[in-house]
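Colleague: can you look at this prediction? I've put the sequence above it.
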Amino acid sequence: QQQVKQSPQSLIVQKGGISIINCAYENTAFDYFPWYQQFPGKGPALLIAIRPDVSEKKEGRFTISFNKSAKQFSLHIMDSQPGDSATYFCAAIGGAQKLVFGQGTRLTINP
Amino acid sequence: NAGVTQTPKFRILKIGQSMTLQCAQDMNHNYMYWYRQDPGMGLKLIYYSVGAGITDKGEVPNGYNVSRSTTEDFPLRLELAAPSQTSVYFCASSLGGPNEKLFFGSGTQLSVL
């Protein structure tokens, strides 16, 4: 079974700090790596995504860093705000595989 | 534009009962999916459809059935509910495949007692 391993399971960051969530994968055929954000009582929503032809993608305060050789990718949230408090899921897909989600990280930003 | 609409939002079933979770999308998306979300386990794909009349199993299909008679609707059927099916269920859709943006509904919280 193809997996994506996500860490940490939960994370507490002070307002204004940097939040970092990490994911590791096994299947080298994966070629699309999205991050989804989920608020309580809501469905996940696409936050940002990257393909392995670039090592970094930035959208506002959110950045994905991608290390193809290490088979790892991470989400960085700069200047973290209380409104960023949510559960974050990394995911991966490629080849004949279906979209696989990580286990999720519950992020809390303290004011 | 409603997006992906799921009903009901909450449901309690007794062991052995059956029910259908409804899902509808108004974006004319070809692909539709059903996921279940359990604490600390991420989202697991139950079934998916690439278009009307075409469905296929995902990672955890046992105990569930689906149909896709129209582009808009993708109901999930639970037969003989079991406590292991207690979960939050999400329907999603995408225009192309899963390597494009998925649009999720707000979920159905199901308890089987």
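Modeller: Cool, got the structure. Model, not experiment: these values are computed from the prediction.

Colleague: enumerate the residues of chain B near chain A.
Modeller: With C-beta under 8 Å from any C-beta of the partner chain as the criterion, chain B meets chain A at residues B:4, B:40-45, B:48, B:58-59, B:90, B:92, B:98-99, B:101-102, B:104-107. Just so you know, the C-beta spots here come from the backbone N, C-alpha and C atoms, and that holds for glycine as well.

Colleague: my guess is residue B:42 contacts residue A:104. True?
Modeller: Yes: under the criterion of C-beta atoms under 8 Å, residue B:42 makes contact with residue A:104 at 5.5 Å.

Colleague: what about the strands in the chain?
Modeller: Let's take chain A. With DSSP state E as the criterion, chain A has strands at A:4-7, A:10-14, A:19-25, A:33-38, A:45-50, A:56-59, A:62-67, A:72-77, A:86-92, A:100-101, A:105-110.

Colleague: ah, no, chain B please
Modeller: Using DSSP E, strands in chain B cover B:4-7, B:10-13, B:19-25, B:31-37, B:43-51, B:54-57, B:64-66, B:76-78, B:87-94, B:103-104, B:108-112.

Colleague: pull the contacting residues for residue 103.
Modeller: By default, I'm working from chain A. By C-beta atoms under 8 Å, 6 or more residues apart in numbering or on different chains, the residues touching residue A:103 are A:5, A:6, A:9, B:40, B:41, B:42.

Colleague: my question was about chain B, not that one.
Modeller: Applying C-beta under 8 Å, 6+ apart to residue B:103 gives the contacts B:3, B:4, B:25, B:27, B:29, B:92, B:93, B:94.

Colleague: could you redo the strands of chain A as CSV and give each row mean neighbour count and mean pLDDT?
Modeller: Formatted as CSV, the strands of chain A follow (neighbours: other C-beta atoms under 10 Å in any protein chain shown; pLDDT from 0 to 100):
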stretch, mean neighbour count, mean pLDDT
strand A:4-7, 18, 95
strand A:10-14, 14, 98
strand A:19-25, 20, 97
strand A:33-38, 22, 97
strand A:45-50, 17, 96
strand A:56-59, 12, 96
strand A:62-67, 18, 96
strand A:72-77, 20, 98
strand A:86-92, 24, 97
strand A:100-101, 24, 94
strand A:105-110, 18, 97
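
Colleague: now distance to residue B:14 too, for these, in a markdown table please.
Modeller: Below are these laid out as a markdown table (distance: least, C-beta to C-beta, whole Å):
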| stretch | distance to residue B:14 |
| --- | --- |
| strand A:4-7 | 35 |
| strand A:10-14 | 34 |
| strand A:19-25 | 39 |
| strand A:33-38 | 29 |
| strand A:45-50 | 34 |
| strand A:56-59 | 46 |
| strand A:62-67 | 44 |
| strand A:72-77 | 41 |
| strand A:86-92 | 30 |
| strand A:100-101 | 30 |
| strand A:105-110 | 31 |
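
Colleague: what's the closest of those to residue B:35?
Modeller: Smallest distance to residue B:35 across these (C-beta to C-beta): 8.1 Å, for strand A:100-101.

Colleague: what's the closest one in contact with?
Modeller: A:2, A:3, A:4, A:36, A:89, A:90, A:91, A:92, A:93, B:42, B:43, B:44.
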